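Asker: only the shape, not the letters, is given here:
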């Protein structure tokens, strides 16, 4: 994987974590996500 792709994936991961972290627990529950799953969901977002 090249450096630019790695950086873009890292940036997308961080952005996804930040956006989900700003949501309330109720909003996350509406999406079927728990707080403990935020990083897992963010990793899945960059995987495709």
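Answerer: Thanks, I have it. Keep in mind the model is a prediction, meaning the values are calculated, not measured. Residues are numbered from 1 along each chain as shown.

Asker: got the contact list for the residue positioned nearest the centre of the chain?
Answerer: Per C-alpha atoms, centre = their mean, the C-alpha nearest to the average position across the chain is that of residue 42, at 2.4 Å. Residues near residue 42 by C-beta atoms under 8 Å, 6 or more residues apart in numbering: 13, 14, 16, 17, 20. From N, CA and C alone the C-beta is placed, and that goes for glycine too.

Asker: please apply the same query to residue 31.
Answerer: residue 23.

Asker: now it: how far from residue 40?
Answerer: Distance of residue 31 to residue 40, given as C-beta to C-beta, to the nearest Å: 13 Å.

Asker: residue 22 now?
Answerer: Distance from residue 22 to residue 40, by C-beta to C-beta: 17 Å.

Asker: okay, the contacts of residue 42 in JSON lines with secondary structure, distance to residue 3 and pLDDT next?
Answerer: Output for the contacts of residue 42, formatted as JSON lines (DSSP: H, G, I helix; E, B strand; the rest coil; distance: C-beta to C-beta, whole Å; pLDDT from 0 to 100):
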{"residue": "13", "secondary structure": "helix", "distance to residue 3": "16", "pLDDT": "97"}
{"residue": "14", "secondary structure": "helix", "distance to residue 3": "16", "pLDDT": "97"}
{"residue": "16", "secondary structure": "helix", "distance to residue 3": "20", "pLDDT": "96"}
{"residue": "17", "secondary structure": "helix", "distance to residue 3": "21", "pLDDT": "97"}
{"residue": "20", "secondary structure": "helix", "distance to residue 3": "26", "pLDDT": "97"}
